[in-house]
Structure formats: C-alpha cells, structure tokens
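Chemist: Below is the sequence, then the predicted model.
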Amino acid sequence: APAAPLGCGRCAGTGVVLPSAAPVERLAALLATAPPLDVTLDQAPCTPETALRRAALMHEAGAVEGRRIVLLGDDDSVALALGLLVRALTGRPPAVPVTVLELDPNRVAFLRAAAAAEGLPVEVVPHDLREPLPAGLRGRFEVFETDPPYTPAGARLFLERAREALDPARTGYGYLSYAQRPPAEQRALLALLTGLGFAATALRPGFNRYRGATVLGGAGQLLELVTADA
C-alpha cells in the first residue's frame, strides 16, 4: 500500500495556518483590480494565500502589532495582507501604519486606493531603491519584508536598503523571499546576509507560491532574518 502523505494539509506544507478564508477572499477581490504586471521591474506577484501566510508568519513572531514595518517593493500586496489579517484576528486595523517603498506608479496608486477603500493604515512612498533612502526613512523601522529580484545584485541592493531602513539602536527583523537555489548559490546568499549583518533564524523552502506558476517553477523560499552585528 502507498505510504500515507505526511505534512500539513491546511497549511499547504508551509507550517502556517490562516485564521479563516475571509481575508484571502477579500485580498483576492482587491487584486482583481490590480494593474498589469510590469515585467521590466521583475514583478511576479505571489498568490493571495502566500501574502496572507507571510503576514501570519510575521504576526505569530510578534513582528506586526505595534511594530514599525517597511516593505521594500510590494507587487505582492503584503501591506494589504497585513492589514486584512490583523483585522480578521482583532476586529480592527493595525495601530501602526505599514510603510511601502514602491517604484511602479501604477502599483503605488493601486495600493493607496485599496488601503483607503479598506480603511487600512498604509503609507506608500514612491521610491527607486537604486537610490539611497530619503533621510526621513533611514533608521526608522524595526521590521522589513521584501521579495527582491532574484539575482545576487538585486538581493544585495534590497538588503542594503533594508539595513538603511532599520533602527540601528534596536534588533531588527526581516522576511526575505527569494528563489530556491542550488547549494553553492544558497551558500553565497547566506554569505551575503552575514556580510550585511544578518543571521538567518529560519529557512522555509517552498513557502512562497506565485500566481501563474511562472517564477522558477512557481515556488520559492522564505528566510527569517535578525540583525546580528558583531
């Protein structure tokens, strides 16, 4: 007889179970009005379930309520997912606004309109991450989340901006979504993180699923990070 399947059915193997279907359904409805993808900006959005699972993972770790969070790019609409999840759990939106740094003007407009329609506290700042952060955003945050271009240069750039954004006087926490890589490239990614003062506290292969399943097989890893300066 075949072996019984192992793993978590309700969490799709991610280890994260969502509180209900309601926030997923609401996010999916909002995403139906999202602008077309701009492939020149490496946009490849994750599924609504993945965006909510990222939010739930952050919430379970104590990295949401009362935290100053910055999202470096947000074609995944994690800012909306965070607000919808907190509202589903507590009956109210987050107390502290989520800040998004986003280059695509169409995505900026969409996130602003969707957040306003839902009554979610989201501050969307148009910004090209190839440029240093505006002075008012440096050292302001405790938590970051990003899904950067899947190249060493792209990862380095976004992670350098994350370091600029994090408050140097406090321990910072990060959630990095990235392509699943063969061992040598994974080692290089971890070395990059170490060089920038991050330690990976958890690696979650296959955590991210992408709409259309066109991104490197439609799945990617998520790394949980903490600042660990010597």
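Modeler: Nice, thanks for sending it over.

Chemist: CA only for contacts and neighbour counts going forward, please
Modeler: OK.

Chemist: Tell me what Leu176 is bridged to.
Modeler: Thr146, Leu223 (DSSP bridges).

Chemist: okay, now it: neighbour count?
Modeler: 19 (other C-alpha atoms under 10 Å).

Chemist: my guess is it contacts Val226, does it?
Modeler: No: using C-alpha atoms under 8 Å, Leu176 makes no contact with Val226, being 10.8 Å away.

Chemist: Count the residues that sit near Ala228.
Modeler: Neighbour tally, Ala228, other C-alpha under 10 Å: 15.

Chemist: Tell me how far it lies from Pro168.
Modeler: With distances taken as C-alpha to C-alpha, to the nearest Å, Ala228 is found 11 Å from Pro168.

Chemist: just Val64 next, same as before
Modeler: 19 Å.

Chemist: Of the two, which one has the most company?
Modeler: Val64 (23 against 16).

Chemist: ok, now which ones touch that one?
Modeler: 58, 82 (C-alpha atoms under 8 Å, 6 or more residues apart in numbering).

Chemist: Name the SS class of it, please.
Modeler: coil (DSSP: H, G, I helix; E, B strand; the rest coil).

Chemist: how close does it sit to Glu142?
Modeler: 10 Å.

Chemist: what do you get for Ala29?
Modeler: Ala29 is 30 Å from Glu142, by C-alpha to C-alpha.

Chemist: Who has more neighbours out of these two?
Modeler: Glu142 (21 against 12).

Chemist: just checking, that one touches Pro168?
Modeler: No: with contacts counted by C-alpha under 8 Å, Glu142 stays clear of Pro168, the gap being 9.0 Å.
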